[in-house]
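1. here are the coordinates; sequence isn't available:
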């Protein structure tokens, strides 16, 4: 902060920086000059993030006294600001104040077809109102500017907001329409929202309806409690898309889809959001990305303040084989997720990976048994205990030696009978930075076909049918493999 007084002009400059919630730095600069009855100001800012947020606001004011009352008449000069790499124009406008009220005339900021206009009076008088005209504002801009990523908002807002008695007891009235409203890039439909002020309970009454064509997919009523900085909405969903849950569940479930129907609530307190309700999922679909499997289901899920819960939900694979899944996913206001998933299978497709997923162990496993998935945002552990079923087809790369005899991973036991035993000894490898660790205990039956790859480059392999128990451990997208067990080849 510096102050100077050259040529009888008072000059003040200030510089600073602000660390934002996303850990980027916002640089700030302000300058003020006052002489006689005039004051000029300039406020500039820019950030250090990937997306640019920068700009300036320039004003010139004239001060005078009238009937012993100080007045100021301010001109807001045309400038530009950049929000999320998009250039917005600030149009010239004026403001006047008697230090008790503020009159704003034709303030407008615009970008192509989007604009925000402000007219009216800021005062403590109940009849005075500040009127905001909104046209085509994209909620993605608002989310990024306010660092709202949990959840992020989508859609284009148009409408009017009036605020009465701004400087005393604000009363807000709004009538807004949002085209293609959604959360986390999951579009729900067109939203109609209204609000009115409840002076008795000191809350902003809210009513929102989401329409998909002519169908109401959600209706929520409630209020925003200003003194508590909290919101509570209650209502119902009817065939509401659930894709918006994907950012919260993608650490253990991939690409959840379907629609939800039932009573639910949405809550906000001090910037934290959560849902509560028991909803029926229709045409539900989700996969286990690490195993490249996808399942469908139609059942209820339970949304709670600190968890999402599934209990004994029947699921189907692509061939209509069935399993039972139970899941508890604790979280802290949709952050810091943990999960414990248990799947009981009966001839279910439990793994469907390719060589690009793990070059030493891949294939299709149909099994009866169990799959357990535990972890958090730092890592995932998948434990498979399964007995192979028909159509199981697994590839195991046991080395790259020139011949099977030289391969230290395999011992051949030659018997007088046709059958041979491949004894796979433990092979311990170094750690891996990938967070998904898979451990499989496979009771391999003659229903499964096993391909033991001796030399991937030369194409040397053993195609075998047999039986045995194999314990396999590996980290996803890492070529290193741990394996032990015994496998008797019946045919190969």
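-> Cool, got the structure. As the structure is a computational prediction, the values presented were derived from the model and not from experiment.
2. so residue 320, which of the three states?
-> The three-state label given to residue 320 by DSSP: H, G, I helix; E, B strand; the rest coil is coil.
3. count of neighbours near it?
-> 7 (other C-beta atoms under 10 Å). Any C-beta I mention is one placed from the backbone N, CA and C, and that applies to glycine too.
4. Got the phi and psi for it?
-> With angles defined as degrees, to the nearest 10, residue 320 sits at phi 70, psi 20.
5. how near is it to residue 314?
-> From residue 320 across to residue 314, the span is 11 Å (C-beta to C-beta, to the nearest Å).
6. Give me the mean pLDDT for stretch 26-36.
-> Stretch 26-36 carries an average pLDDT of 93.
7. so residue 272 touches residue 333, yeah?
-> Yes. At 3.9 Å, residue 272 counts as touching residue 333 under the criterion of C-beta atoms under 8 Å.
8. What is the longest helix seen in the chain packed up against?
-> Criterion DSSP state H: the longest helix present in the chain is helix 139-145. The elements that helix 139-145 packs onto, with contact taken as 3 or more C-beta pairs under 8 Å, 6 or more residues apart in numbering; DSSP states H and E, are strand 79-83, strand 153-164.
9. Recalculate using a threshold of 10 Å.
-> strand 79-83, strand 153-164, strand 171-183 (3 or more C-beta pairs under 10 Å, 6 or more residues apart in numbering; DSSP states H and E).
10. In JSON lines: the ones you listed, plus mean neighbour count.
-> Shown next, in JSON lines, are the helices and strands packed on helix 139-145 (neighbours: other C-beta atoms under 10 Å):
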{"stretch": "strand 79-83", "mean neighbour count": "17"}
{"stretch": "strand 153-164", "mean neighbour count": "18"}
{"stretch": "strand 171-183", "mean neighbour count": "18"}
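11. circling back to that earlier point, any chance you could list what contacts the longest helix of the chain?
-> Defining contact as C-beta atoms under 10 Å, 6 or more residues apart in numbering, one finds that helix 139-145 is touched by 22, 49, 51, 53, 83-86, 88, 111, 114, 138, 148-157, 178, 180-185.
12. 6 Å instead, please
-> Applying C-beta atoms under 6 Å, 6 or more residues apart in numbering, the set of residues contacting helix 139-145 from outside is 83-84, 152-155.
13. mean confidence for it?
-> 82.
14. how about it: buried residues?
-> 139, 141-144 (16 or more other C-beta atoms under 10 Å).
15. same deal with stretch 16-30?
-> Neighbour-count burial for stretch 16-30 [16+ other C-beta under 10 Å]: 26, 30.
16. Quote the end-to-end distance of that stretch.
-> 9 Å (C-alpha to C-alpha, to the nearest Å).
17. For that stretch, what is the distance to the chain centroid?
-> 24 Å (C-alpha atoms, centre = their mean, to the nearest Å).
18. Would you check how far apart residue 330 and residue 376 are?
-> According to C-beta to C-beta, residue 330 and residue 376 sit 9 Å apart.
19. any shared contact partners between the two?
-> What both residue 330 and residue 376 touch, as defined by C-beta under 6 Å, 6+ apart, is the set residue 338.
20. can you list the weak-confidence ranges in this structure?
-> Low-confidence segments of the chain (pLDDT under 70): 147, 399-435, 479, 492.
21. Residue 95 against residue 75, yeah?
-> No. Counting by C-beta atoms under 6 Å, residue 95 stays clear of residue 75, with 8.3 Å between them.
22. returning to what we had before: I'd like the helices and strands packed on helix 139-145 as CSV, with distance to residue 368 appended.
-> Shown next, in CSV, are these (distance: least, C-beta to C-beta, whole Å):
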stretch, distance to residue 368
strand 79-83, 56
strand 153-164, 43
strand 171-183, 39
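23. So for residue 104, which of these sits nearest?
-> Residue 104 lies closest to strand 153-164 among these, at 11.7 Å (C-beta to C-beta).
24. so how far is the closest one from its chain's centroid?
-> Relative to its parent chain, strand 153-164 has a centroid offset of 23 Å by C-alpha atoms, centre = their mean.
25. Run through who's touching it.
-> Under C-beta under 6 Å, 6+ apart, the answer for strand 153-164 is 129-139, 143, 170-182, 185.
26. what are the pairing partners of the host helix or strand of residue 396, and which direction each?
-> Assessed by DSSP states H and E, residue 396 sits inside strand 393-397. According to DSSP bridges, strand 393-397 has the following sheet partners: strand 361-376 (antiparallel), strand 449-455 (parallel).
27. Give me the buried positions along that strand.
-> 394-397.
28. now swap in stretch 463-476 and tell me
-> Here stretch 463-476 shows 464, 466-468, 470, 472-476 as buried, counting by 16+ other C-beta under 10 Å.
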